[in-house]
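**Q** this one's sequence-less:
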DNA sequence: GTGAAAGCGCTAACAC
DNA sequence: GTGTTAGCGCTTTCAC
């Protein structure tokens, strides 16, 4: 961007300067063991002198392997994703792969578009919390290796965060504190995690004999969490479990605003544990390992690339409850 | 990943099936206006039937343009970056480019490595808060178009967040509240933003006649912010301005932990405004537009690619103070 | 151990 | 308007 860039030297120029064939230069980089130490050294030194580096695009065209993978998430800015992205990137790097990032903004159309754009130039794609119909996912997976995160489509490798245990523990925890009526503040429609969490909640509530009311929150943002508070208080619930921490954080704020004390008057449980103890009061939440999730997804992808095998991996990660200060004994709210 | 994938059809197969030359197929996609509507339709329909899509790798090799750009950040998980990343991705997408993401983990060596890996397969790179020496940046910029964010290297296009105004306003605000001794909790060494903020703070403090003490925080994390509190309280300051919101948030928590009331006993100001009012108390902070920053950086890059011009853009974005609840009248701490 | 040559899938002159 | 033909930079048999 600063000055007119000089054309990068090609393998041919190095070959010429080193007085060897192009194939030899190629080997000096990719399989030096098949060459004399002498030759390798000479070639590499010439290459260095000329500032030569293999052109990955040409390599990709020639070998059919780009050493690139893609990661598609619904919203980079949602605190659940950055740790996952980070871990995925790191893992890809470990395998000497570069990572494309796509943000679908929770929009299936955008997601499909990203998928199309990526599928031709990567060796594999990790799709997190896909909003696409099963068939669309299958169609893409037929063209390029795909690993799903938090989406359960048969015959497609997937890593799932099973909130079951965690949510169950949350319900028991709440029930133990005397809460008989619990509200579930649901997350994005079409989200596998949301369906999964709601189901787990209902099941656990039924078991302990608690009543659960669903309060919808279209998207998962702090502001929406705040706004949902009025609806929440309109129910007879004395505690709520939110789809995720972001929503829970907003609820905490909304509650504080209208003078409802947490946990004295109302208890709040989050999901994901991505906020640490940064909220006030510190949020009781269902913890998962989002970094691990990203790591495993990429690893699964890489394994698939190496073995070239037809495998139907279904990796399920457990969750557990982290009790902090946003939950307490049930009040006598009416 | 599910079944053995069928080889993607090539331009040749489409040409054969449509009974035209390969160049015609190529044109049907890239310059349909030069072909009969009839031909275009026939080719495209055949292509669709065969499931053909142009191979971007081959296109890139042939044209020398990959339609890819890269973004390198020091830490994906730091809340300052996700909005920037998101905006950059979106902007790239608008230009029909895909975005590579790299996380340097604040490590110059990793950063250099990412740079090398990317430079051969993208048309341009945005580097955020680079920790690399000027020469290294210049060297990379000589091979591929580079745009810097929050790093001021002459002759390299850059977009800078000038915390000057905002920090100045913060100092005046604090001074107006009676604070005569202010601590600066510094950020990562080698960070341009850090140097810039410290300088602005000193200058403003001098002007209003306030004393400033520097308290170092190696990295910018919530935990380090918490830990720095003891050192902070060991100074005679009655208020602090932290390098960023993350640090400030940790400081808020650390202060609360030792029973120091904010803002009654101590005032805290952050930088970046990426937390909204989610902290308790809501953080007074120096606001910038991190999304805009990402957007402008990519736009600058794209402009450079189009015009192919040698330009030395230096885009400076202003900041302003957002007064919330973490600042108040000075106490009589001794 | 090294070289020659074909080919990866596409684009871009240049012809017609 | 469409076809022919070189490449783009690299890998990879297959010889020697």
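**A** Looks like it came in fine. Remember, it's a predicted structure, so these values are computed and weren't measured experimentally. Residues are numbered from 1 along each chain as shown, chains lettered A, B, ... in the order given.

**Q** And residue A:123, how close does it get to residue A:97?
**A** 8 Å (CB to CB, to the nearest Å). All C-beta atoms are positioned from the backbone trio N, CA, C, and that covers glycine.

**Q** again with residue A:228
**A** 40 Å.

**Q** again with residue A:300
**A** Distance, residue A:300 to residue A:97, by CB to CB: 13 Å.

**Q** Show me which residues of the stretch 151-300 of chain A sit near chain B.
**A** For the stretch 151-300 of chain A, the contact set with chain B under CB under 8 Å from any CB of the partner chain comprises A:155, A:156, A:157, A:222, A:249, A:253, A:256, A:276, A:277, A:278, A:279, A:280.

**Q** Would you convert those residues into TSV that also reports distance to DNA strand C?
**A** TSV is the format used below for those (distance: CB to the nearest atom of the strand, whole Å):
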residue	distance to DNA strand C
A:155	26
A:156	25
A:157	25
A:222	44
A:249	48
A:253	52
A:256	57
A:276	48
A:277	53
A:278	49
A:279	51
A:280	56
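
**Q** Now the two most distant members of those residues.
**A** A:155 and A:256 (47.1 Å; CB to CB).

**Q** what does the stretch 51-200 of chain A put close to DNA strand C?
**A** Applying CB under 7 Å from any atom of the strand, we find that the stretch 51-200 of chain A lies next to DNA strand C at A:58, A:61, A:62, A:64.

**Q** Quick check: residue A:286 is in a strand.
**A** Yes: counting by DSSP: H, G, I helix; E, B strand; the rest coil, residue A:286 is found in a strand.

**Q** and it, what is it in contact with?
**A** By CB atoms under 8 Å, 6 or more residues apart in numbering or on different chains, the contact set of residue A:286 is A:163, A:166-167, A:169-170, A:241, A:269-273, A:319-322.

**Q** quick one: which of these is nearest to residue B:294?
**A** Among those, and counting by CB to CB, the member closest to residue B:294 is residue A:272, at 24.6 Å.

**Q** Report the secondary structure state of the closest residue to residue A:190 other than its chain neighbours.
**A** Spatial nearest neighbour of residue A:190, chain neighbours left out: residue A:131 (5.1 Å); criterion: CB to CB, 6 or more residues apart in numbering or on different chains. Here residue A:131 takes the coil state, with states given by three-state DSSP.

**Q** what's the answer for residue A:326, then?
**A** coil.

**Q** that older thread, which one (most neighbours) among the residues of the stretch 51-200 of chain A next to DNA strand C?
**A** residue A:61 (18 neighbours; other CB atoms under 10 Å in any protein chain shown).

**Q** any idea how far residue A:250 is from the nearest residue in space to residue A:286 that is not next to it in sequence?
**A** Among residues not flanking residue A:286 along the chain, residue A:166 sits closest, at 3.4 Å (CB to CB, 6+ apart). Here residue A:166 is placed at a distance of 20 Å from residue A:250 (CB to CB).

**Q** next one: residue A:220
**A** With CB to CB as the criterion, residue A:220 and residue A:250 are 9 Å apart.

**Q** Could you do residue A:181 as well?
**A** 21 Å.

**Q** low-scoring stretches of chain A, by residue?
**A** Along chain A, segments meeting pLDDT under 70 span A:1-4, A:308-311, A:332-334.

**Q** Next, the contact list for the residue in it that chain B sits nearest to, please.
**A** As assessed by CB to the nearest CB, chain B sits closest to residue A:280 within chain A, at 3.6 Å. Neighbouring residues of residue A:280 by CB under 8 Å, 6+ apart: A:252, B:256, B:279, B:280.

**Q** repeat for residue A:5
**A** Residue A:5 sits in contact with B:142, B:143, B:144, B:145, where contact means CB under 8 Å, 6+ apart.

**Q** Give me the domain ranges for chain A.
**A** A:11-63, A:68-158+A:290-316, A:164-288 (automatic domain parsing).

**Q** For DNA strand C, give me its nearest residue in the stretch 101-250 of chain A.
**A** Relative to DNA strand C, the nearest point of the stretch 101-250 of chain A is residue A:120 (8.4 Å; CB to the nearest atom of the strand).

**Q** Let me know how buried the nearest residue to that residue once chain neighbours are set aside is, in neighbour terms.
**A** Nearest residue to residue A:120, sequence neighbours excluded (CB to CB, 6+ apart): residue B:56, at 5.1 Å. Look at residue B:56: counted by other CB under 10 Å, it has 22 neighbours.

**Q** now swap in the one 4 residues further on and tell me
**A** Burial measure for residue B:60: 23 neighbouring residues, criterion other CB under 10 Å.

**Q** Once you drop chain neighbours, what's closest to it?
**A** residue B:66 (4.0 Å).

**Q** circling back to that earlier point, neighbour count: residue A:123 and residue A:97, which is higher?
**A** residue A:97 (22 against 19).

**Q** what about the more buried one, distance to DNA strand C?
**A** 20 Å (CB to the nearest atom of the strand, to the nearest Å).

**Q** Mind putting the contacts of residue A:280 into CSV with secondary structure and distance to residue B:43?
**A** Listed next are the contacts of residue A:280 as CSV, based on DSSP: H, G, I helix; E, B strand; the rest coil; distance: CB to CB, whole Å:
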residue, secondary structure, distance to residue B:43
A:252, helix, 58
B:256, helix, 68
B:279, coil, 59
B:280, coil, 63
